[in-house]
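Asker: Next one to model:
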Amino acid sequence: MRVSKHGRYCCALLVVFLSMTGCSMKLPDPPKPPPRFAAAARLVPPDRMFTLSDGAALPARVWQAQGQPRGILLALHGFNDSRDAWEQPAPFFAGQGITVVAPDQRGFGEAPNRGEWAGSDRMVQDVREEIAILQQENPQIPLYLTGESMGGAILMLLMSGTDAPSVAGTLLLAPAVWNLGLGADIPLDVLATLFPHHWVTGQELPVHVVASDNPAALLRLYFDPLTLRATQLEALRGLVSLMKQAATAAPQMKGQLLCVYGDKDQLVPSKAMAKVWEILPKGTRLDLISGGHHLLLRDKNGKQVMQDMLTWITQPDSFLPSGGDVAASAWQAQNPAKTEGKWFPASWLDGLAR
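Answerer: Here you go, the predicted model:
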């Protein structure tokens, strides 16, 4: 099999990455914060459980809409994150009459098989069943889907299928989309086959990745007992496969779509996102957030993204308050899909804060 030049480059960097990364057979214990940061380590119990067809129970937090509900937002977190990913933006939506339901995805948070990779098919099926439960409970209330990073990639697979559920709309926040190229995943595939349950932390990487400009949000993410601070090689391989699947599935997505991306995202490369934006279905609303990082809703200007999301839900024909739709058009005109960006598998570390 011939491997492209880019693929050989990716292979080499992946080997370096894995060779520098500490491995162990045990998930590290949550760090204990100093007393002044004790609140960042709080464990918030779930508000409900989703019992699925295979008997698995997925915990979820719920922020009930104030007053008459105008919609329900089923919100999916990113890789190694948890239901707590939505505790900052959820009160805003609840105050605007939109109930937010944020489950732990299988393998993350307090969901079954913590740290293991359930497979994209199972994770998509989980969301499908959660949608059915919510729609049965609330038949008269519009249901919207939103996903951050890995959660967005899962929604892309769900909504690109021939049996995509009927929902009011799908909002993708910096979805994990990245086709690394021919042969780039071979070293990882070999290592994950030989040592599927070895944990890697990525702490030795000689780079500094900024997931958000909000230190308080990163502090909470780091000390949250639900956050995974290490990744099994099998899960890493699963995420790489999911990113490729999501990028490929983009043209087949169904229903009303909004895709939001920050121009300072260091975890999903601009080149990868630009390629996906080129092939998303006609009519997809694109939203480029100036100064936005990967964790868009947890940035200091996260309220700007929330306002865009709310406007798209409640006034779908209106311009976005941030001007992100206009900025997206200008950005696409620069053709970022053809520019060479830095290659770094940072999206694998989505959800990890150092």
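Asker: can you give me the helices in this protein?
Answerer: Taking DSSP state H as the criterion, the chain carries its helices at 5-20, 90-95, 120-137, 150-160, 186-194, 215-223, 233-249, 270-279, 302-314, 324-333.
Asker: which secondary structure elements does the fifth one contact?
Answerer: What it means is helix 186-194. Packing contacts for helix 186-194, counted by 3 or more C-beta pairs under 8 Å, 6 or more residues apart in numbering; DSSP states H and E, involve helix 5-20, helix 233-249. From N, CA and C alone the C-beta is placed, and that goes for glycine too.
Asker: Can you flag the weakest of those by average pLDDT?
Answerer: Across these, helix 5-20 has the smallest mean pLDDT, namely a mean of 46.
Asker: quick revisit: out of the helices of the chain, which one sits most buried?
Answerer: When the helices of the chain are scored by mean count of other C-beta atoms under 10 Å, the highest mean neighbour count falls to helix 150-160 (a mean of 26).
Asker: Please enumerate residues in contact with that one?
Answerer: Here helix 150-160 makes contact (C-beta atoms under 8 Å, 6 or more residues apart in numbering) with 75-79, 81, 105, 120, 123-124, 127-128, 145-147, 164-165, 170, 172-177, 239, 242-243, 245-246, 249-255, 257, 350.
Asker: Select only the buried ones of these in ChimeraX?
Answerer: This is how ChimeraX selects the buried members of the contacts of helix 150-160, with burial counted by 16 or more other C-beta atoms under 10 Å:
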select :75,76,77,78,79,81,105,120,123,124,127,128,145,146,147,164,165,170,172,173,174,175,176,177,239,242,243,245,246,249,250,252,253,254,257,350
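Asker: Any stretches of the stretch 1-150 of the chain with poor pLDDT?
Answerer: Along the stretch 1-150 of the chain, segments meeting pLDDT under 70 span 1-25.
Asker: May I see the helices of the chain organised as TSV, with distance to Lys32 added?
Answerer: Output for the helices of the chain, formatted as TSV (distance: least, C-beta to C-beta, whole Å):
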stretch	distance to Lys32
helix 5-20	26
helix 90-95	27
helix 120-137	31
helix 150-160	27
helix 186-194	31
helix 215-223	8
helix 233-249	25
helix 270-279	37
helix 302-314	28
helix 324-333	40
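Asker: so who does Gln66 touch?
Answerer: Gln66 makes contact with Ala94, Gly95, Gly97, according to C-beta under 8 Å, 6+ apart.
Asker: quick one: the last one and Ala65 touch, right?
Answerer: The one in question is Gly97. Yes - assessed by C-beta atoms under 8 Å, Gly97 is found in contact with Ala65 at 4.8 Å.
Asker: more crowded one of these two?
Answerer: Using other C-beta atoms under 10 Å, the more surrounded residue of Gly97 and Ala65 is Ala65, with 19 against 15.
Asker: Return the backbone torsion pair for the more buried one.
Answerer: Note on Ala65: its backbone torsions stand at phi -60, psi 140 [degrees, to the nearest 10].
Asker: That one contacts Pro91, doesn't it?
Answerer: No - contact criterion C-beta under 8 Å: Ala65 and Pro91 do not qualify, at 10.9 Å.
Asker: Can you get me the start-to-end distance on stretch 288-297?
Answerer: 13 Å (C-alpha to C-alpha, to the nearest Å).
Asker: Check what contacts it and list those residues.
Answerer: With C-beta under 8 Å, 6+ apart as the criterion, stretch 288-297 contacts 78, 86, 88-89, 148-149, 173-174, 210-214, 217, 221, 260-268, 299, 301-302, 304-306, 308, 322, 324, 327-328, 331, 350.
Asker: Dump the contacts of Gln66 to a markdown table, plus distance to Pro33.
Answerer: Listed next are the contacts of Gln66 as a markdown table, based on distance: C-beta to C-beta, whole Å:
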| residue | distance to Pro33 |
| --- | --- |
| Ala94 | 28 |
| Gly95 | 29 |
| Gly97 | 35 |
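Asker: Of these, which is the nearest to Gly115?
Answerer: Checking the contacts of Gln66 against Gly115 with C-beta to C-beta, the nearest one is Ala94 at 30.7 Å.
Asker: residues contacting the closest one?
Answerer: By C-beta under 8 Å, 6+ apart, Ala94 lies in contact with Trp63, Gln64, Ala65, Gln66, Val100.
Asker: What about those residues, which are in strands?
Answerer: Residues of the contacts of Ala94 located in strands (DSSP state E): Trp63, Val100.
Asker: Of the contacts of Ala94, which is the nearest to His197?
Answerer: Closest approach between these and His197, by C-beta to C-beta: Val100, at 33.8 Å.
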